[in-house]
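S.K.: need a structure here:
(one chain, ligands or ions: 1)
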Amino acid sequence: MPVTWADWAATEADSIRAAGQWRQLRSLEGRGPRFELEDGRSVVAFASNDYLGLSQHPAVCAAARAAVERWGAGTGSSRLVVGDRPVHSELENSLADWRGVEAVLVFATGYQANLAVLTTFGAGARIVSDELNHASIIDGARLARAEVVVYRHGDADHADQLVRSAPGRALLVSDTVFSMDGDVAPVAELSNLCARRGAMLVLDDAHAVFDVDPVDPQVACIRVGTLSKALGSQGGYVAGSRPFVDLVVNRGRSFVFTTGLAPSSAAAAKAAVDICRSAEGGRLRRTLRGHVDAIRERHPSPIVPVVMGDEASALAASTKLLGAGLLVPAIRPPTVPAGTSRLRVSLSAAHSGDEVTRLAKALADLP
Ligand SMILES: Cc1ncc(COP(=O)(O)O)c(C=O)c1O
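M.R.: As a prediction, this is how the structure comes out:
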């Protein structure tokens, strides 16, 4: 008698539960980072990627509302058919100017931006990838059906060996800031090795809110970014030379075969870029820097991991913090390697100094 699909699903779910890795949605009411839980408790979340608090900024929200009034709620089509609106190219030009590149292409998510870059440039190449790269890079490399080789985390010498021994074109890909550890890639070394070996460098800047090392302008480099984190909106982008970006428009299946970014998201992101480039953006980054230093001095990003070890310890710590009104999620395998379950603290300029002090005290009191 074959197993039914229902039995199969129940067995799979049981094995995830037995490993302490079961996940559930939690609906939060509020505008963040302060929320009300379903049971009515008030919490401050140290969990989002809204690093500058721009998802709640009045100018960003007003831009989204105005875009809905002008263009409606959705584009109704892929951009190459009838889904392209003036706000897309306004945002792309503004991002290109900000990032100092020739061209930018925006996507409905950052995840899709990585898929598009890796499938467009990775096909037929060797993809050399940091072992802690984000899931969207791993999935993009798989989808490219390329030869994928993985180097030890942050180890530019190991990456160099793998690039050097490539039988043909090599593409080196790394997060600039790693999403679960909050550490920074050795960008200058990766850039140098790509310059020496003629490899393409793809950097995923999704979490890069503070400055990172520049890349040698001689290197064939593509930057991937998201509109959904520091820019407080929704979407992603690919930034690079005009020929590279035009190739993505033609070959990137996760661009071609999907509905264009909602005009409201594009308009919100454009307003957020304007803020990031203004004096206010500088103030927000300084506030964020101060919050990070209060939790871990000179840590290079707003993502501060507190590694606990096994799943149960991380869950217990997260539950204890929640009891004190502080929502800090426990991150467990498969998101992080086994034995490194952790609290992932993420800070935002929208937190108050008092909230950050409360968190610092509660972390210090953990067993
Ligand atoms: C490093 C990295 N790249 C890409 C993404 C995907 O971005 P988005 O949320 O816009 O799809 C994420 C999101 O978590 C990320 O952490």
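
S.K.: Going by C-alpha atoms from here, please, whenever you check contacts or count neighbours.
M.R.: Noted.

S.K.: Which residues of this protein lie near the ligand?
M.R.: 109-111, 134, 136, 175, 179, 204, 206, 226, 228, 235-236 (CA under 6 Å from any ligand atom).

S.K.: could I get those as JSON lines with neighbour count and secondary structure?
M.R.: Formatted as JSON lines, those follow (neighbours: other CA atoms under 10 Å; DSSP: H, G, I helix; E, B strand; the rest coil):
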{"residue": "109", "neighbour count": "19", "secondary structure": "coil"}
{"residue": "110", "neighbour count": "25", "secondary structure": "helix"}
{"residue": "111", "neighbour count": "23", "secondary structure": "helix"}
{"residue": "134", "neighbour count": "19", "secondary structure": "coil"}
{"residue": "136", "neighbour count": "17", "secondary structure": "helix"}
{"residue": "175", "neighbour count": "27", "secondary structure": "strand"}
{"residue": "179", "neighbour count": "23", "secondary structure": "coil"}
{"residue": "204", "neighbour count": "27", "secondary structure": "strand"}
{"residue": "206", "neighbour count": "25", "secondary structure": "coil"}
{"residue": "226", "neighbour count": "29", "secondary structure": "strand"}
{"residue": "228", "neighbour count": "22", "secondary structure": "coil"}
{"residue": "235", "neighbour count": "25", "secondary structure": "coil"}
{"residue": "236", "neighbour count": "25", "secondary structure": "strand"}
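
S.K.: Among those, which one sits closest to residue 156?
M.R.: Taking CA to CA as the measure, residue 156 sits nearest to residue 175 out of the residues of the chain next to the ligand, at 13.2 Å.

S.K.: hey, what's the residue nearest to that closest one when sequence neighbours are not counted bridged with?
M.R.: Excluding the flanking residues, the one nearest residue 175 by CA to CA, 6 or more residues apart in numbering is residue 204, at 4.5 Å. Beta-bridge pairing for residue 204 (DSSP bridges): residue 175, residue 224.

S.K.: surely residue 204 meets residue 179?
M.R.: No. Taking contacts as CA atoms under 8 Å, residue 204 lies outside contact range of residue 179: 10.4 Å.

S.K.: residues contacting the residue in the stretch 1-150 of the chain that the ligand sits nearest to?
M.R.: Relative to the ligand, the nearest point of the stretch 1-150 of the chain is residue 110 (3.4 Å; CA to the nearest ligand atom). Shown in contact with residue 110 (CA atoms under 8 Å, 6 or more residues apart in numbering): 206, 224, 225, 226, 227, 228, 235, 236, 237.

S.K.: try it again with 6 Å
M.R.: Taking CA atoms under 6 Å, 6 or more residues apart in numbering, we find residue 110 in contact with 226, 235, 236.

S.K.: The chain - how does it break down into domains?
M.R.: 25-51+302-364, 56-276 (automatic domain parsing).

S.K.: circling back to that earlier point, could you dump the contacts of residue 110 into TSV with pLDDT added?
M.R.: Below are the contacts of residue 110 laid out as TSV (pLDDT from 0 to 100):
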residue	pLDDT
226	98
235	98
236	98
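
S.K.: any idea which of those is closest to residue 68?
M.R.: If you rank the contacts of residue 110 by distance to residue 68 using CA to CA, residue 235 comes first, at 16.2 Å.

S.K.: do you know how far the closest one is from residue 102?
M.R.: Distance, residue 235 to residue 102, by CA to CA, to the nearest Å: 20 Å.

S.K.: Can you show me the strands along the chain?
M.R.: 34-36, 42-45, 103-107, 126-130, 147-151, 170-175, 200-204, 221-226, 236-240, 303-309, 326-327, 330-331, 341-346 (DSSP state E).

S.K.: As TSV, the ones you listed with distance to residue 27 would be great.
M.R.: Output for those, formatted as TSV (distance: least, CA to CA, whole Å):
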stretch	distance to residue 27
strand 34-36	9
strand 42-45	12
strand 103-107	26
strand 126-130	33
strand 147-151	37
strand 170-175	29
strand 200-204	29
strand 221-226	23
strand 236-240	24
strand 303-309	22
strand 326-327	13
strand 330-331	16
strand 341-346	19
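
S.K.: Neighbours of residue 5, how many?
M.R.: 9 (other CA atoms under 10 Å).

S.K.: give the contact list for it.
M.R.: Applying CA under 6 Å, 6+ apart, no residues contact residue 5.

S.K.: Please shift the residue numbers so they start at 392 in all later answers.
M.R.: New numbering, starting at 392: the last item is residue 396.

S.K.: What's the separation between it and residue 404?
M.R.: The gap separating residue 396 from residue 404 is 12 Å, by CA to CA.

S.K.: Same question for residue 607.
M.R.: Counting by CA to CA - residue 607 and residue 404 are separated by 48 Å.

S.K.: That concludes my questions; thank you for your assistance.
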